[in-house]
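J.: no sequence on this one, just coordinates:
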C-alpha cells in the first residue's frame, strides 16, 4: 500500500510546549508555569457583548475579512497606539488567532525555495509554517549578551539573494525580550537596503514594562513592506475566543484573504462582536492586567537573584528565560527532573529552537500565590543540585 502521508508533514517535530502540557494535565498535584495563557477571565463587559450577540441571533457568517465595524476599530486602534494609518476595508483582516495570520501571510508571500529568516528562541509555529509555505527556514540565533534582541549585524549576516521575509517576533516568546526604537531603526536600514519584507508578530505589544511598544511598521519606509500581526488572546485574556488580525498593504492582503476565504471562511462571529467592545472600552482592563504581570515579573527576577540563578531582565510578554547551564544538564533533563521531584512544570528552552539549550521558559501568567509556591520548590531543587 502506498504511504498516505506527506513527508513534509511527517518531518515536522511536534510542539515541545504541548508535550509538557499533556504530561502536566495528568498530574493533579503539579504546579504548571508552562502555558502562555493569561490567568485572568475575559473582562465581563467583553463577555457580555459576546453573550448579547448570541441573544440577538448574530450567529451567521460575517464577511470573509471580518465585520466591517471590527476592522474599522482595529485600524483606529493601530492609528491611536502606533500612529500608522491602515484602510479598514482593504488593509485589515480578522483571523482565527494570530497563528492563522502568520500562516496565511507566509503562504501569500513565499515562492518555493525562498528563504524566511527566523530569529530564535521564538514561538514554535514560525518554522513549521515557513516549511508548509514551501520556504527554506534560516535560523538567526539570538544571544543572551544582547538581551536576545536582533542586531543589524546578525540580520545582515543572514541575508542572501534568496531571502524574502524576516519574521520579527517582539515582544518575544519565550525570552520576554523587546526591541527599542534604536534597535528597530538599525535593522530597518538592512531591510530596506536588501529589499526584504517583514512579518511582525506583535501579539504581546500591549504587555511591555519599560517603555511603550513601537511597531517597525511605524518607521519610515517600513509600512509598505510589513505585515503587522496582533490579536486579542494575550492583552484581553481572550485565548479561547480565537481571534487575531493582520494589517498589510492591499496587494498582500488581497492574497492573504484568498487563503483565509478558502480554508477558514471567517473568524467566529460571536468573538468578533466581543472584540469590538474590547477595542472600544478595554484599555483599563489591559492596564490592570499589565500591572499585575509586572508585579509578578519583578517578583520572579528578585527571587532568581536571591537564589543565584542567572536571568537577564525581560521587559515584554509574560515570560522569563533563566539560564541553567551551571547544572550540567540539558534543558529537557532539568525540566523533567524538576517535574518529577518537585511537581513544577516549566518548558525547556529547546522547545523554541536549538539555541534555547541551557535555558527554561517560565510563564508568570499565574497567580502570585502559585508563583511563590513554585519558586520555593525551584529553590529547594537547585539547592540540592548545588549540594
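T.: The structure has been received and is ready for your questions. Treat the numbers as computed from the prediction; the structure is a model and nothing was measured.

J.: pretty sure residue 350 is in a strand, no?
T.: No: assessed with DSSP: H, G, I helix; E, B strand; the rest coil, residue 350 is helix; it does not lie in a strand.

J.: if I look at residue 283, how far off is residue 376?
T.: From residue 283 across to residue 376, the span is 36 Å (C-beta to C-beta, to the nearest Å). In short, each C-beta sits where N, CA and C put it, glycine included.

J.: Show me where the stretch 201-350 of the chain has its helices.
T.: Here the stretch 201-350 of the chain has its helices, by DSSP state H, counting those that start in this stretch, at 250-263, 269-281, 283-306, 331-342.

J.: no wait, the stretch 51-200 of the chain
T.: 68-82, 97-109, 126-132, 152-158, 181-194.

J.: domain assignment for this structure?
T.: 7-42+284-382, 44-281 (automatic domain parsing).

J.: hmm, which helix or strand of this structure has the shakiest average pLDDT?
T.: Lowest by mean pLDDT, DSSP states H and E among the helices and strands of the chain is helix 16-25, with a mean of 70.

J.: Paired strands for the helix or strand following it, with orientation please.
T.: Counting by DSSP states H and E, the next helix or strand C-terminal to helix 16-25 is strand 31-32. Taking DSSP bridges as the criterion, strand 31-32 forms sheet pairs with strand 344-345 (parallel).

J.: could you give the mean pLDDT of the strand it pairs with?
T.: Averaging pLDDT along strand 344-345 gives 94.

J.: Now do that strand: distance to the chain's middle.
T.: From the chain centre to the centre of strand 344-345 is a distance of 22 Å (C-alpha atoms, centre = their mean, to the nearest Å).

J.: element containing residue 380?
T.: helix 368-386.

J.: Leaving out chain neighbours, which residue sits closest to residue 224?
T.: Leaving aside its chain neighbours, residue 224 sits nearest to residue 249 (5.5 Å; criterion: C-beta to C-beta, 6 or more residues apart in numbering).

J.: how close does the residue nearest to residue 334 when sequence neighbours are not counted sit to residue 122?
T.: Once flanking residues are discounted, residue 334 sits nearest to residue 324: 5.1 Å by C-beta to C-beta, 6+ apart. Remark: distance between residue 324 and residue 122 (C-beta to C-beta) = 19 Å.

J.: what stretches of the protein score poorly on pLDDT?
T.: Applying pLDDT under 70 to the chain picks out residues 18-21, 24.

J.: Out of the helices of the stretch 201-350 of the chain, which is the most enclosed?
T.: helix 269-281 (a mean of 21; mean count of other C-beta atoms under 10 Å).

J.: Next, the angle from it to helix 97-109.
T.: Angle of helix 269-281 versus helix 97-109, following axes from the mean of the first three to the mean of the last three C-alpha atoms, to 10 degrees, is 100 degrees.

J.: And for helix 269-281, what's in contact with it?
T.: Here helix 269-281 makes contact (C-beta atoms under 8 Å, 6 or more residues apart in numbering) with 42-43, 45-50, 52-54, 58-62, 66-67, 69-70, 73-74, 76-77, 94, 232, 236, 238, 241-243, 285.

J.: Could I get the phi/psi values of residue 234?
T.: When read as degrees, to the nearest 10, the backbone of residue 234 gives phi -90, psi -50.

J.: thinking residue 184 is in contact with residue 217, fair?
T.: No: counting by C-beta atoms under 8 Å, residue 184 stays clear of residue 217, with 9.8 Å between them.
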